[in-house]
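1. here is the input, now give the coordinates:
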Amino acid sequence: MGKIPVILASIAMMVMSTSGRAELPEFTSLVKKTSPTVVNISAERVRENRNFRQNDQLYDQLPEEEIPEFFRRFFREIPETRLPNPAPPSMGSGFIISSDGYILTNNHVVDNADEIIVALSDRRELLAEVVGKDELSDLALLKIDAEDLPTVEIGSSADLQVGEWVVAIGSPFGFEHSVTAGIVSAKGRSLPGMNNDNYVPYIQSDVAINPGNSGGPLFDLEGRVVGINSQILTRSGGFLGLSFSIPVDVAMEVVQQLKEKGSVSRGYLGVLIQGVNRDLAESFGMDRPQGALINAISPDGPAANSGLQVGDVIVEFNGQPIDLYHDLPMVVGRTQAESEADLVVYRDGKKVTLTMKIGALPEREDRQRFRSSGSEKTSWNRLGIQVVDLEDSARPEQGNEGVLVQRITEGPAMEAGILPGDVITILNREAVHDREQFTDLVKDLPTNVSIPVLIVRDGMPGHRALKIPE
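-> Residues are numbered from 1 along each chain as shown. The predicted model follows:
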């Protein structure tokens, strides 16, 4: 009789173990169904007098100091010497979206390629042409000469839930049709470094993907594509537990435009923005940190005559809440140019609703930047800084004039993160014209409340919040 409890306990553990296994997803039928739709992509490049780098950095258009060292694109590019010969091909993945040969992949897999070869699951290798590509979403649409191809089923990234199982199929390190699985870790991720140019709300997962997986599909358990694998978090070039995929809803909007005209147009406000922290929220009379704070307005952009002002905090766009500042470029970018949009902003502690016409995103080199420098006249003030007037030829291009911070000591400005070389253009919602007027503004500043300050640093505007003690 004494053995019965032990036996019952063992049976209970076996039942619990069996039950636990039964709840795990079964992937074999999914893989059999979807594998024929996944392709391997080999991109041949000829680059004279250039060295190739393995694992290109995530945002190679940014200054090196702004790029987190552990973010890397995960397509494979083998280092090569400086010879005018074809480089070893970069390897990536893709998937078939129509039976007549349209294939979707990442832009960075095929960018600058002289020849693109697509390997199908039946071992055929076909030349592909680029229908169109889009750097900002990192997507490219290819076309091969084939018919009656197996195609993926397009799902909905909007319906995808955090914690849901997902499956990736691709060619890591050239091993074709490798399958990995994991769960959705988060949605709507903004990757570091892009700020005002981040137009993709990435899906974050813990699916193991490596160099060669780029451009491959991310499936839900129904075998529907919900994302396109694009980035990983890594220090060594391999998987470190975090991967990022482009939502399929965003991708299919891009595909439609690439099919129609070979390029992508995006909505554009013509503002530079930053996030709102607790101190800034207090200084603007907001009950909590939220929204996108306007640091600058392009004089030639759509917002110039819209009623928007520097210092406004955009908290809603066309009925969609803007909780984090990087949400704004994503929703604006998906808005059709020349259409009208309703914006809700915080201004002087109150909500204001504006209607404006959305413009088209200009080329990178045409986007507005600030420039500033200074002269030698100095003045001390309550903030613990010395400022000088700006030379007329070097005033910021937004129309603000401002003063240059020449020296700084311990005080409210230092605590707010203001540095020598910064140009103060707005103080406590008042435009700064010159040193004399700035000095008068400082004398009248209240104590023990957060005060917004707009500065220009290295050509880029940013808000700070300072507080003057009694």
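2. residue 343 reaches residue 317, doesn't it?
-> Yes: contact status for residue 343 versus residue 317: in contact at 5.7 Å, counting by Cβ atoms under 8 Å. C-beta: built from backbone N, CA, C; applies to glycine.
3. quickly list what's touching both of these two.
-> The overlap between the contact sets of residue 343 and residue 317 (Cβ atoms under 8 Å, 6 or more residues apart in numbering) is empty.
4. separation between the residue nearest the centre of the chain and residue 360?
-> Closest to where the C-alpha atoms of the chain average out (Cα atoms, centre = their mean) is residue 198, at 3.3 Å. Per Cβ to Cβ, to the nearest Å, residue 198 is found 18 Å from residue 360.
5. correct me if wrong: residue 312 contacts residue 344.
-> No: applying Cβ under 8 Å, one finds residue 312 not in contact with residue 344, separated by 10.0 Å.
6. bridged to residue 218, which residues?
-> Listed by DSSP bridges, the beta-bridge partners for residue 218 are residue 168, residue 227.
7. ok, it to residue 312 distance?
-> 37 Å.
8. please apply the same query to residue 167.
-> Residue 167 is 44 Å from residue 312, by Cβ to Cβ.
9. how about residue 299?
-> With Cβ to Cβ as the criterion, residue 299 and residue 312 are 16 Å apart.
10. so these two - more neighbours on which side?
-> Of the pair residue 299 and residue 312, residue 312 is the one with more neighbours under other Cβ atoms under 10 Å, namely 25 against 13.
11. ok, what's across the strand from the spatially closest residue to the more buried one that is not a sequence neighbour?
-> Nearest residue to residue 312, sequence neighbours excluded (Cβ to Cβ, 6 or more residues apart in numbering): residue 345, at 4.2 Å. Beta-bridge pairing for residue 345 (DSSP bridges): residue 314, residue 352.
12. any idea how many residues pack against residue 345?
-> When neighbours are defined as other Cβ under 10 Å, residue 345 has 24 of them.
13. who touches it in this structure?
-> With Cβ under 8 Å, 6+ apart, residue 345 has these contacts: 291, 308, 312-315, 351-354.
14. try it again with 6 Å
-> 312-314, 352 (Cβ atoms under 6 Å, 6 or more residues apart in numbering).
15. what about the strands in the stretch 201-350 of the chain?
-> 202-205, 217-219, 224-233, 243-247, 267-268, 271-274, 292-297, 313-317, 320-321, 340-347, 350-357 (DSSP state E, counting those that start in this stretch).
16. distance from the third one to the middle of the chain?
-> Distance of strand 224-233 from its chain centroid, counting by Cα atoms, centre = their mean, to the nearest Å, is 14 Å.
17. convert the C-alpha atoms of it to PDB, please.
-> C-alpha atoms of strand 224-233 as PDB (Å, rounded to 0.1, in the frame of the first residue of the first chain):
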ATOM      1  CA  ARG A 224       0.700  32.800 -43.700                       C
ATOM      2  CA  VAL A 225       3.500  35.300 -44.100                       C
ATOM      3  CA  VAL A 226       3.400  38.000 -41.400                       C
ATOM      4  CA  GLY A 227       6.800  39.500 -41.800                       C
ATOM      5  CA  ILE A 228      10.100  39.700 -43.800                       C
ATOM      6  CA  ASN A 229      13.200  39.000 -41.900                       C
ATOM      7  CA  SER A 230      15.500  42.000 -42.000                       C
ATOM      8  CA  GLN A 231      17.700  42.700 -39.000                       C
ATOM      9  CA  ILE A 232      19.300  40.900 -36.000                       C
ATOM     10  CA  LEU A 233      20.900  42.000 -32.800                       C
END
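18. much appreciated, bye for now.
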